[in-house]
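> what's the 3D shape of this:
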Amino acid sequence: MEKLEFAPDFKLEDQDGKQKTLKDFSGKWLVLYFYPKDDTPGCTVEACSLRDANDELISLGANVVGISKDDQDSHRKFKAKHKLNFTLLSDPTGKTIEAYGAWGSKMFGREGILRKTFIISPEGKVMKTYGRVTPLGHGEQVIEELKQLKSLQ
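Here you go, the predicted model:
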């Protein structure tokens, strides 16, 4: 897939059933991450890493948003169980996942959601793409990258 220059728009429901679009996050940095499934080992490690980094990301002017195909009920339970302090969006059709190139071949020839993270500028420009994210320490990695990107502005 070609590199995204601007973040594709989306209209998805969050864990509380409220509709969110890309425009809802404009004017701030956005850390948009795609993950395979709520409450699985790797996804939990990644979500908790971003949870632990979220206060610093907020102080840097960024919102964190996670997207998977899980429904609102699953997102609500995952968020409560791990005290996640950011929005989770449900993409049951996978259209947004595909628009961001976060669907593809996984191990053993299966297809599914790829662990990808995008740092999007307040103007909607994709400034950094992490493909095949390593869950452990991802929050710290994103903080450092965001600091670097902001210093270039």
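> Every contact and neighbour count from this point should use C-alpha atoms.
Noted.
> What is the burial count for G109?
8 (other C-alpha atoms under 10 Å).
> okay, it: pLDDT?
pLDDT, G109: 79.
> residues near T44, how many?
Counted by other C-alpha under 10 Å, the residues lying close to T44 total 20.
> Excluding chain neighbours, give the residue nearest to it in space.
D38 (7.2 Å; C-alpha to C-alpha, 6 or more residues apart in numbering).
> Verify the assumption that T129 is located in a strand.
Yes. Assessed by DSSP: H, G, I helix; E, B strand; the rest coil, T129 belongs to a strand.
> who's in contact with it?
Contact analysis of T129 by C-alpha atoms under 8 Å, 6 or more residues apart in numbering lists 116-119.
> most neighbours, which of these?
Sorting the contacts of T129 by how many neighbours each has (other C-alpha under 10 Å) puts I119 first, at 25 neighbours.
> In this structure, what residue spans correspond to helices?
41-59, 72-81, 95-99, 138-151 (DSSP state H).
> beta partners of the residue nearest the centre of the chain?
In the chain, the C-alpha nearest the mean C-alpha coordinate belongs to Y33, at 1.7 Å (C-alpha atoms, centre = their mean). On the basis of DSSP bridges, Y33 is bridged to G66, T117.
> can you check Y130 too?
Counting by DSSP bridges, Y130 forms beta bridges with T117.
> That one reaches K116, doesn't it?
Yes. Taking C-alpha atoms under 8 Å as the definition, Y130 is a contact partner of K116 at 5.5 Å.
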